[in-house]
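# okay, sequence plus prediction incoming.
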Amino acid sequence: PHQPTQQSLKRRRMSITRSDLKNLKRILVKIGTSCIIHSDGSVALGRLGNLVEQLCYFRKNGKEVILVTSGAVGMGTMKLHQQALLSTPLRNHIHGMGPMNVAADTRARAAAGQSSLMALYEILFSQKQVDVAQVLLTDEDFQSTERRANLRSTLDALLQLGIVPILNENDVISTRKTPLRDEGGKVLWDNDSLAMLVSHEIGVELMVLLSDVDGLYRFPPSPENPKPPVIHTFFPDDTINITVGEKSRVGRGGMQAKIDAALKSLSHDVKAVVIASGYRNDTLRDIVDGKLVGTIFVSNPVREDANAESGSPDRVFYQQLATDAREASRALQSALNASERAGLINAIADALLENKDEILSANKKDVEQAKLTGVATPLQSRLVLSESKLKTLAAGIRQIAEGADPIGRVLARTEISEGLMLQQETVPIGVLLVIFESRPDVLPQVVALALRSGNALLLKGGKEATLSNHTLHSVITSTIQRVTKGRVPREIVSLIETRQAIDDLLKLDSSYIDLVIPRGSADLVKHIQNSTRVPVLGHSEGVCHIFVDRAANMEKAVSIVVDAKTDYPAACNSVETILLHSDIPRDHVEKLVRALQAAKVKIFGGPRAAQVLALPRAESFRHEYSDLGVTVEFVDSVGDAIRHINTYGSSHTDAIITEDEAVAQRFLGEVDSACVFHNCSTRFADGYRFGLGAEVGISTSRIHARGPVGIDGLTTTKWRLVGAGPSPQIVADYSNGTKKYTHRVLPLSKL
């Protein structure tokens, strides 16, 4: 169920995106009553005029335009009310009886308003030299094949003549009291469904439903949250996570009617449907131009691939992608407390094991494809998942859930003065762009770390792990939606599909993305570092060293060196260079060499070792093998080893094996790397082994986090200053000496 097939991936590539909308010719626009009538019942001339002007622009630029309009009943209400006022006897006004009630007779209001509405459209369209024709429809027009054929013929003829058909349901003579369902299962209930029916009959390519909201909200507006986030791309399973609010104040339909109309239209070959606000200037032109306006419905939606086919990046799209992620991060922080976030992460760990068959099946296909296409052996090694790996993943994720809440941890408290307290506390970084190659196990690790620390994720995995990543992402996002019941938006974890999308995201500044974390080859990391203004946390190479001192216990040395090279040769913390003190006895050196060779390690030598041990020359001291290859070289002292490592190393992980404590302390103090070890394998440089639960990556840069980066590396800080007491806290009082700073350090407890 979670595993995408090759056929489904092909459908994703064929999906219509916003950038394709400009190429669609036949457009139907439905204008809701709320776009036509003000709250006081008067006509919104300016708003309606703007919409008509845009429709005329489309018509004059070769597009075929059909208009479905509401508003007749609304206009008729005001018209009949005015007439009722004039017709009411004077004595009724004197005795406070008021005019007769006209609201109850919908048909009378529709009859009075229909002519006024059409007359208004005639005037507005004629200003742009565009002709219009009115078509009123009833239930019966969709109940027979003949009437449908007549409708198609009429509308096609009008469109060929360049005339804009204006359609409305004829409420005056309609006999419908319940939704009409025809033999095709279609429904006529309001003008949203009328738009759907007409779109199907005449082959509309783009349908736009305009109302008084910006699109499909994730939850209804409220006084506490009057501007909830808009779902810019509708996914089929979003229906379980959407709360539909009240219908429009004046229209007969509502958001649920629009969703139903949109989904039915897609099933009847309409290529795209957009729900948007008719209040916004140039809404229609912006939609057709591909801008991120309203909620788009398409078959096989692939939001992250929106510009992959056209090759023309839409900067606005990627800005909104990152903005949605930031809103999701804030929703995560407000919707779930620490205990609930931990519960969500535990649920993800359970889901990985519950869906292991689907995950491993997808991974098997990726591995087979990698072999067929000649993917490098180290990348193939990193690509493989197994049941034991999934169990380790789940254990690491649970360890993250069990850890202390990283958000809101107090780092410092200071009394600035009497009644003025300052506190520094941890907060999420915000939006993380994580780019990784080959290793699909990175995805659930990073998701768990991000959720625990309140961050949103934009994830891009390697193309060689496409099926594995899709399956893992599907399992995880489904779990998030199920456990949180939609309180945490799906945009909290977005899977990016294409390299082009990454290049466009990297062009954004730090107001959209807060931190980029690349995990992959040196070329990948260097490309990212050179392509963005956003801070980058990561390492470009993993040239790790082990220095075997003359005071080393050789039994320890052999075990540690073999482990560091052979435990997982493709890992970035695998040893790549072994430095041997030149005073080590020759038989001890040969014992180490034999142990490596027995483990099938291919040994290369630096200038001295190649000559002494008759080894093939190493390509470079900076070479990262990422397989069962290693460089060996002799040095004359711990100082030489330190200089060699600081010159040729990658500041990742370097170790010394010695029983001389003074030498060890010098090495640990002077080697300039993120991790420095004494008498242990470089393979310990790992977030899980450090007790971090899992790691988002390893950083060799000198920013806020270095080495394996876990929860703490995904938080930043903010200052909270609280004034107490009856008098206001103003700087002027301190400048003129009325108050004095105390700057007293306080214990680390919350205010």
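Alright, I've got the coordinates. Numbering: from 1, shown residues only.
# double-check that residue 721 belongs to a helix.
No. Counting by DSSP: H, G, I helix; E, B strand; the rest coil, residue 721 is not part of a helix but strand.
# which residues touch it?
416, 420, 421, 422, 423 (CB atoms under 8 Å, 6 or more residues apart in numbering). For every residue, glycine as well, the C-beta is placed using N, CA and C.
# quick one: buried ones out of those?
416, 420, 421, 422, 423 (16 or more other CB atoms under 10 Å).
# so what's the closest residue to residue 723 other than its chain neighbours up against?
Distances taken as CB to CB, 6 or more residues apart in numbering put residue 729 closest to residue 723, at 3.7 Å, once the chain neighbours are dropped. Contacts here follow CB under 8 Å, 6+ apart; on that basis residue 729 touches 419, 420, 723.
# where in the stretch 551-700 of the chain is pLDDT low?
Per-residue confidence of the stretch 551-700 of the chain (counting by pLDDT under 70) places the weak regions at 693-694.
# do a quick rundown of the strands in it.
Assignment of strands within the stretch 551-700 of the chain using DSSP state E, counting those that start in this stretch yields the ranges 575-581, 602-605, 629-635, 653-657, 675-678, 697-699.
# can I get the ones you listed in a markdown table with distance to residue 471 and mean neighbour count?
Listed next are the strands of the stretch 551-700 of the chain as a markdown table, based on distance: least, CB to CB, whole Å; neighbours: other CB atoms under 10 Å:
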| stretch | distance to residue 471 | mean neighbour count |
| --- | --- | --- |
| strand 575-581 | 33 | 26 |
| strand 602-605 | 36 | 18 |
| strand 629-635 | 33 | 23 |
| strand 653-657 | 32 | 30 |
| strand 675-678 | 33 | 20 |
| strand 697-699 | 22 | 25 |
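# residue 134 is in contact with residue 118, correct?
Yes. In this structure residue 118 lies within contact range of residue 134 using CB atoms under 8 Å: 5.1 Å.
# overlap of the contact sets of these two?
Between them, residue 118 and residue 134 share the contacting residues residue 166, judged by CB under 8 Å, 6+ apart.
# which one's more surrounded, the two?
For residue 118 and residue 134, the more surrounded residue by other CB atoms under 10 Å is residue 118, and the numbers stand at 18 against 15.
# surely the more buried one is within a strand?
No. Assignment of residue 118 by three-state DSSP gives helix, placing it outside any strand.
# how close does it sit to residue 379?
Distance, residue 118 to residue 379, using CB to CB, to the nearest Å: 66 Å.
# nearest to residue 488, of the contacts of residue 729?
For residue 488, the closest of the contacts of residue 729 turns out to be residue 723, at 34.3 Å, with distances computed as CB to CB.
# picking that back up, so the residue nearest to residue 723 is in which element?
Under the criterion of DSSP states H and E, residue 729 resides outside all helices and strands.
# phi and psi next, for it.
phi -100, psi 100 (degrees, to the nearest 10).
# ok, now residue 403?
Backbone torsions for residue 403, taken as degrees, to the nearest 10, come to phi -70, psi 170.
# just the one 10 residues further on next, same as before
When quoted as degrees, to the nearest 10, the phi and psi of residue 413 stand at phi -130, psi 130.
# now do it, the pLDDT please.
Residue 413 is assigned a pLDDT of 95 by the prediction.
# residues contacting it?
Contacts here follow CB under 8 Å, 6+ apart; on that basis residue 413 touches 421, 422, 423, 424, 745, 746, 747, 748, 749, 751.
# adding secondary structure, write those residues out as CSV.
Conversion of the contacts of residue 413 to CSV gives the following (three-state DSSP):
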residue, secondary structure
421, strand
422, strand
423, strand
424, strand
745, strand
746, strand
747, coil
748, coil
749, coil
751, coil
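# from the residues you listed, keep the buried residues only.
By neighbour count, with 16+ other CB under 10 Å, the contacts of residue 413 hold 421, 422, 423 as buried.
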